[in-house]
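1. Please find the sequence and the predicted model below.
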There are 2 protein chains.
Amino acid sequence: MLTKTKREKEVFFDYLKEHGLNRTAQKELVLDTFLKTEGHLSVEDTYQQAKQKDLSIGYVTVYRTLKSLVACGLAREVDLGDGRTRFEHFYNHPHHHHIICTTCKKTIEFLSTDLEQLQEEIIRYYGFEPLYHSFQIYGTCNDCQHKRTGSVRRTETVNDKVFLRDALRIVIDFENKGLDFYRAAAEHTKNASGRLMFSKIADEEKDHLAVLKIKYEKLLSRNKTLAQEPQFLHFNPAILDEIFPPGEAIPKLINEDTNELQALTIAIDSERDSYEFFQRYAERFKDSKGKRIFVSFTQAEKQHLTSLQREYERLTGQRSAKAP
Amino acid sequence: MLTKTKREKEVFFDYLKEHGLNRTAQKELVLDTFLKTEGHLSVEDTYQQAKQKDLSIGYVTVYRTLKSLVACGLAREVDLGDGRTRFEHFYNHPHHHHIICTTCKKTIEFLSTDLEQLQEEIIRYYGFEPLYHSFQIYGTCNDCQHKRTGSVRRTETVNDKVFLRDALRIVIDFENKGLDFYRAAAEHTKNASGRLMFSKIADEEKDHLAVLKIKYEKLLSRNKTLAQEPQFLHFNPAILDEIFPPGEAIPKLINEDTNELQALTIAIDSERDSYEFFQRYAERFKDSKGKRIFVSFTQAEKQHLTSLQREYERLTGQRSAKAP
DNA sequence: GTAAGTGCAAACGGTTTGCATAAAG
DNA sequence: CTTTATGCAAACCGTTTGCACTTAC
């Protein structure tokens, strides 16, 4: 925990130094209180928590320190519609929106890159220079709809584990879809060399998938509550069918003559699309640990793409600039 | 104006009667003040305006009456981030979101059905029963970016004219795209009867388009400022290419043998898709004058579709249940 | 020692309520 | 003549500031 919040503390203390502000015990206490709580803290919340460690601390000090946390980029003010300003982690935390249960006040954080892109298109249409946007959905959560009052889940801000889990899920979705596609393609390919190429790529996909699944299972088993955490990252699954055509579309792509080079070209196209999807997806995140996770997956996709392109060059015997 | 606000007044007075509340001069004054202003009124704004007609009216009365307007469904409270609650028209006004210029406080209202759909998908994913959602984008408007302080445009809530204009624009976009498609299809069709069918449909499309364009021009010429009003309705233009394949895709659809029946089938498919798009689009609106406008366009599309289907039945000489 | 911080109390600003009086039905 | 509305003042509540005293550097 200490190492995790170390950089945040540095950010704050650097900010103080740069602005000629003093480092005091009260400020450190508020900072610690904020850092150790992964939720949406109001001034009152923070004050109550801080008072348990220092009876003499004042409400105003908490208030002013929280404002400094915003100023130095560690925190972000968020309006959840209950009339009080709440402070949530901002530093290294991905941008997101909130779904708020009006009954039990539980909040779910989520990020949809499609939503982000859409709002960006709209604002660009009007010639606005966007500063920030806020999107809240109010409704009744599943538990409250069924009057299950028992499950009082703490509403936490999303953490890196959830981000990693969701990133893995997305990548696994892609690899699964890819595997299905290459297998089906192999089956439909009459040409022996083409069929071999498809099944070779399917095997690579299977290996990669196995590695990812182990990673995923390890992550879940190390974090017992992680499986229950709501999904944070969203994407439009229609993209999967665009990149890896579903079974019924395969006969249109593949015919008697699909040879190894053509199979490779088809695979390179799909892998390039996947890679570009991940790259675009990652672009939408502010710099954060989550982004770095995602970028690392992007790198893996890139490597696979590159190795297929090498294979293509090897087969055509030329380092052609026209390599697909 | 009187006739326009008549129904709104009825709504309010009915609400009063139903709840055993008295009809007073003050309430009527606040109602009139609200109805005649097509903007985002704060309690203070409304109070100041009302006081010009009745010096003795109290702030609290205004406050309480505005709350009643919300209760009876005429108004909606909206938070534009400046710390005060604003009231905007809700009755017969389409649901929308706000883009707010943080410099000049100008607001632009917009509606994107793609955005609505996306948010609905996300909330359904989490098992939430949505109540309402708020989406604000804060930024710097075009004028303020270029320091053009001169244009102090009143920020009005969107009105039926804008809605009608945007609905017309969308329909015209569709008809234009359709016309292009049928013309290109006619050109590419070698079979004489198929070619004739495509150009017949293109002519129908052209006629319809001409009617719409006249409607559009008339609307703009009757409302001099309408052309400058920002666009309210948005849709993803990619759908156009899906419904009416662009030029380069036409050779895949049409070959030497495309006869009149096949041409008709292709047209019926496209027209059905258009009709369904409009229907889905209209579904996203709350009941409003705008919705009725849109539904009337939908009806026109439906009629065109039906007439094509009749033609199909006539040609095949059967009222087949399998008619496409 | 000087600049900044703290904690109290008090102010602020938008919202809401209590209450005596006025008006509606 | 009962019920509801009005308008004033005052309370509320989260936020913010003024100020005398304290602490950091």
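-> Thanks, I have it.
2. does A:Pro245 count as helix, strand or coil?
-> Secondary structure state of A:Pro245, per DSSP: H, G, I helix; E, B strand; the rest coil, is coil.
3. repeat for A:Asn255
-> For A:Asn255, the secondary structure call by three-state DSSP comes out as coil.
4. So, low pLDDT: which residues of chain A?
-> Filtered on pLDDT under 70, chain A yields the residue ranges A:1-4, A:148-156, A:318-324.
5. Show me where it has its strands.
-> Along chain A, the stretches classed as strands by DSSP state E are A:41-42, A:75-79, A:85-89, A:97-101, A:107-112, A:129-140, A:233-234.
6. Could you export those strands as TSV, including mean neighbour count?
-> (Each C-beta comes from the backbone N, C-alpha and C, glycine too.) Output for the strands of chain A, formatted as TSV (neighbours: other CB atoms under 10 Å in any protein chain shown):
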stretch	mean neighbour count
strand A:41-42	20
strand A:75-79	18
strand A:85-89	21
strand A:97-101	22
strand A:107-112	22
strand A:129-140	17
strand A:233-234	20
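7. So for DNA strand D, which of these sits nearest?
-> Ranking the strands of chain A by distance to DNA strand D, with CB to the nearest atom of the strand as the measure, places strand A:85-89 first at 3.2 Å.
8. what about the longest helix in chain A?
-> When chain A is scanned for its longest helix (criterion: DSSP state H), the result is helix A:192-222.
9. that older thread, and the strands of chain A: which comes nearest DNA strand C?
-> Closest approach to DNA strand C among the strands of chain A (CB to the nearest atom of the strand): strand A:85-89, 12.5 Å.
10. what does the domain assignment say about chain A?
-> Taking automatic domain parsing as the reference, chain A has its domains at A:4-89, A:97-156, A:160-316.
11. Next one: the shortest one, is it in contact with DNA strand D?
-> No: Domain A:97-156 lies out of reach of DNA strand D by CB under 7 Å from any atom of the strand, never closer than 13.5 Å.
12. what's the spacing between that domain and its chain's center?
-> Relative to the mean C-alpha coordinate of its chain, domain A:97-156 is positioned 15 Å out (CA atoms, centre = their mean, to the nearest Å).
13. now swap in the last one and tell me
-> Shown here is domain A:160-316, whose average C-alpha point lies 17 Å from the average C-alpha point of the whole chain (CA atoms, centre = their mean).
14. and A:Arg222, what is it in contact with?
-> Contacts for A:Arg222 were tallied using CB atoms under 8 Å, 6 or more residues apart in numbering or on different chains; there are none.
15. Try it again at 10 Å.
-> Counting by CB atoms under 10 Å, 6 or more residues apart in numbering or on different chains, A:Arg222 touches A:Lys161.
16. Look up how far B:Lys190 lies from it.
-> In this structure, A:Arg222 and B:Lys190 are separated by 66 Å, where distance is defined by CB to CB, to the nearest Å.
17. Can you point out the buried residues in the longest helix of chain A?
-> The neighbour-count check on helix A:192-222 (16 or more other CB atoms under 10 Å in any protein chain shown) flags A:194-195, A:197-202, A:204-206, A:208-209, A:212, A:216 as buried.
18. quick check, nearest of those to chain B?
-> Checking those against chain B by CB to the nearest CB gives A:Tyr216 as the nearest, at 19.7 Å.
19. Without its sequence neighbours, what residue ends up closest to the closest one?
-> A:Leu168 (4.7 Å; CB to CB, 6 or more residues apart in numbering or on different chains).
20. Am I right that that neighbour is in contact with A:Lys215?
-> Yes: when contacts are counted by CB atoms under 10 Å, A:Leu168 is listed as touching A:Lys215 (6.3 Å).
21. Verify the stated contact: A:Leu74 with A:Asp32.
-> No: using CB under 10 Å as the test, A:Leu74 is too far from A:Asp32 to be in contact (12.0 Å).
22. more crowded one of those two?
-> Here A:Leu74 and A:Asp32 are set side by side on neighbour count (other CB atoms under 10 Å in any protein chain shown), and the busier one is A:Leu74, at 24 against 15.
23. Please name the residues that touch that one.
-> A:5, A:8-9, A:11-12, A:15, A:31, A:34-35, A:66, A:68, A:87, A:89-93.
24. Now do the phi/psi pair for it.
-> Main-chain dihedrals, A:Leu74, degrees, to the nearest 10: phi -80, psi -30.
25. nearest spatial neighbour of the closest residue to DNA strand D within the stretch 201-324 of chain A, skipping sequence neighbours?
-> Nearest residue of the stretch 201-324 of chain A to DNA strand D (CB to the nearest atom of the strand) works out as A:Lys286 at 24.1 Å. Nearest-residue entry for A:Lys286: A:His95, 5.2 Å, with adjacent residues in sequence omitted and distances by CB to CB, 6+ apart.
26. Check A:Cys144 too.
-> Using CB to CB, 6+ apart and skipping the chain neighbours, the partner closest in space to A:Cys144 is A:Thr103 (4.0 Å).
27. what about the one you found, how many neighbours?
-> By the criterion of other CB under 10 Å, A:Thr103 has 16 neighbours.
28. wouldn't it be in contact with A:His146 here?
-> No: in terms of CB under 10 Å, A:Thr103 does not count as a neighbour of A:His146; the distance is 11.3 Å.
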